[in-house]
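[1] With the sequence up front, the predicted model follows.
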Amino acid sequence: MEKQKKKVKPSTIVIYAFLIFLVIIYIAPIIWIAMSSVKTRAQIYKAPFALPTEFHWENYQVAWSAGKLGIAMLNSLFVCVITLILTMLIGSMAAFAIGRMRWKLSGAAMIYILIGMMIPVHCVLIPLFVRFANLGLNNSLWGLILPYLTFSLPTSVYIMTGFFRSIPNELLESACIDGCSIYRIFFSIALPLSRTGLFVTGLMTFVANWNELLLALVFITDSNKKTLPVALTKFVSPYESAYHKMFPAILIAIIPTIIVYCMFSNQIVDGLTTGAVKG
């Protein structure tokens, strides 16, 4: 008997067409920036959407030196890595205490932390600037780490609380019977089983802080301490924009986020499809 051909549902075609459309929408700007990054300024203004006739790779060298992208990338990497470590450690500990430990104010603590997600950074910019100026934290990378950590914690706690609550009670009860302390349960059982949440919060924290501009622009004035987003503003002025320098700088700036996403995307998918308890 001949195998019957499977009929493709119209809804499936619509879904795939929509997904292809989204891919094009997200990738098209990156492709256009990549093409424009190897053009001269005259070519960009004359034919912005045309393919480059000559590849001016020296644009990357000029952008790297003119924008001091090497120092700016190291500053961004330092700030983002320290913030990432502190956010994952403090956020996961707070989420475990709220999600798995029984105490009267756990619900109030969760509400208090979630309020931080509703406060925009613009509302606290001036008070933070005044307070950090009194503490001597202005023009310091640690003055960026503290607000980055503060604004990253609510999302981290919210996500990790859901992962900790999904852990079967039998695992934690058996660990208690075996004599494990609360710290042993957290580091040896809860964290490994919630690694998916760690990867998700880690990606969100790293990408958000890597692209943050407002706080870094206000708090940092020393050119040797500027982060990568602030360094990109050097190519834009009130009178002209050096697009032939800015486009290569943009591509250099997004490379680390692409690398981080490629490193952890598969682990996130594997974590979502792997059960914590196997029967």
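    Happy to help now that I have it. Numbers count the residues shown, from 1 in each chain.

[2] Tell me the gap between stretch 230-237 and the middle of its chain.
    Chain-centre distance of stretch 230-237: 21 Å, with Cα atoms, centre = their mean, to the nearest Å.

[3] what's the first-to-last distance across it?
    One end of stretch 230-237 to the other measures 13 Å (Cα to Cα, to the nearest Å).

[4] before we move on, what about stretch 43-51?
    Using Cα to Cα, the end-to-end distance of stretch 43-51 comes out at 10 Å.

[5] same question for it, mean pLDDT?
    What stretch 43-51 shows for mean pLDDT is 86.

[6] and L228, how many residues sit next to it?
    27 (other Cβ atoms under 10 Å). For glycine as for every other residue, the C-beta is placed from the backbone atoms N, C-alpha and C.

[7] Tell me if I'm right that A97 and S106 touch.
    Yes. At 7.3 Å, A97 counts as touching S106 under the criterion of Cβ atoms under 8 Å.

[8] Now do the strands in the stretch 1-150 of the chain.
    Under the criterion DSSP state E, counting those that start in this stretch, the stretch 1-150 of the chain contains no strands.

[9] which residues of it score low on pLDDT?
    Applying pLDDT under 70 to the stretch 1-150 of the chain picks out residues 1-6.

[10] mind listing the helices for it?
    Using DSSP state H, counting those that start in this stretch, the helices assigned to the stretch 1-150 of the chain run over residues 10-36, 41-46, 58-66, 69-99, 106-115, 125-135, 142-165.

[11] For those helices, give me JSON lines that also has distance to L203 and mean neighbour count.
    Shown next, in JSON lines, are these (distance: least, Cβ to Cβ, whole Å; neighbours: other Cβ atoms under 10 Å):
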{"stretch": "helix 10-36", "distance to L203": "16", "mean neighbour count": "11"}
{"stretch": "helix 41-46", "distance to L203": "33", "mean neighbour count": "14"}
{"stretch": "helix 58-66", "distance to L203": "26", "mean neighbour count": "16"}
{"stretch": "helix 69-99", "distance to L203": "10", "mean neighbour count": "20"}
{"stretch": "helix 106-115", "distance to L203": "20", "mean neighbour count": "13"}
{"stretch": "helix 125-135", "distance to L203": "26", "mean neighbour count": "13"}
{"stretch": "helix 142-165", "distance to L203": "11", "mean neighbour count": "21"}
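
[12] Output the ones you listed as TSV; include the columns distance to S241.
    Shown next, in TSV, are the helices of the stretch 1-150 of the chain (distance: least, Cβ to Cβ, whole Å):
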stretch	distance to S241
helix 10-36	12
helix 41-46	9
helix 58-66	13
helix 69-99	17
helix 106-115	39
helix 125-135	26
helix 142-165	26
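
[13] who wins for proximity to C176 among those?
    Among those, helix 69-99 comes nearest to C176, with 14.4 Å by Cβ to Cβ.

[14] Summarise which helices and strands that closest one is packed against.
    helix 106-115, helix 142-165, helix 195-210, helix 228-232, helix 243-273 (3 or more Cβ pairs under 8 Å, 6 or more residues apart in numbering; DSSP states H and E).

[15] Quick check: which of the ones you listed is nearest to R41?
    Per Cβ to Cβ, nearest to R41 of these: helix 243-273, 4.6 Å.

[16] Leaving aside the residues adjacent along the chain, what's closest to the residue minimising distance to the centre of the chain?
    By Cα atoms, centre = their mean, the chain has its centre lying nearest to V207, at 1.9 Å. Leaving aside its sequence neighbours, V207 sits nearest to T257 (Cβ to Cβ, 6 or more residues apart in numbering; 5.4 Å).

[17] if I look at the one you found, how far off is P29?
    15 Å (Cβ to Cβ, to the nearest Å).
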